[in-house]
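Visitor: okay, structure incoming, though there's no sequence with it:
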């Protein structure tokens, strides 16, 4: 989510999310669980969880590389 509150799909894999995150400024990363049994109408199973600080800490430690 950007600072205006607009949500963008960052991908379903951690590497896709990191690539997406690095492209934006003032972005927030959320994770959530979706029921995708109906491909036309996925359903949110859990509330979104803000993991931005965890991702930033991992980036700062070099865990995700440059």
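Guide: That came through fine. Because the structure is a prediction, the values reported are computed rather than measured.
Visitor: relative to its centroid, which residue of the chain is most remote?
Guide: Using Cα atoms, centre = their mean, the residue of the chain lying farthest from its centre is residue 38. It sits 21.9 Å away.
Visitor: contact partners for that residue?
Guide: Listed by Cβ atoms under 8 Å, 6 or more residues apart in numbering, residue 38 has no contact partners. C-beta here means a position set from N, CA and C on the backbone, and glycine is covered the same way.
Visitor: which element is it on?
Guide: In the assignment (DSSP states H and E), residue 38 maps to no helix and no strand.
Visitor: and what of the one 3 residues further on?
Guide: Under the criterion of DSSP H and E, residue 41 resides outside all helices and strands.
Visitor: need phi/psi at residue 46.
Guide: phi -120, psi 160 (degrees, to the nearest 10).
Visitor: same question for residue 54.
Guide: Here residue 54 shows phi and psi, under degrees, to the nearest 10, equal to phi -70, psi -40.
Visitor: distance of it relative to residue 1?
Guide: 16 Å (Cβ to Cβ, to the nearest Å).
Visitor: fine by me, thanks again.
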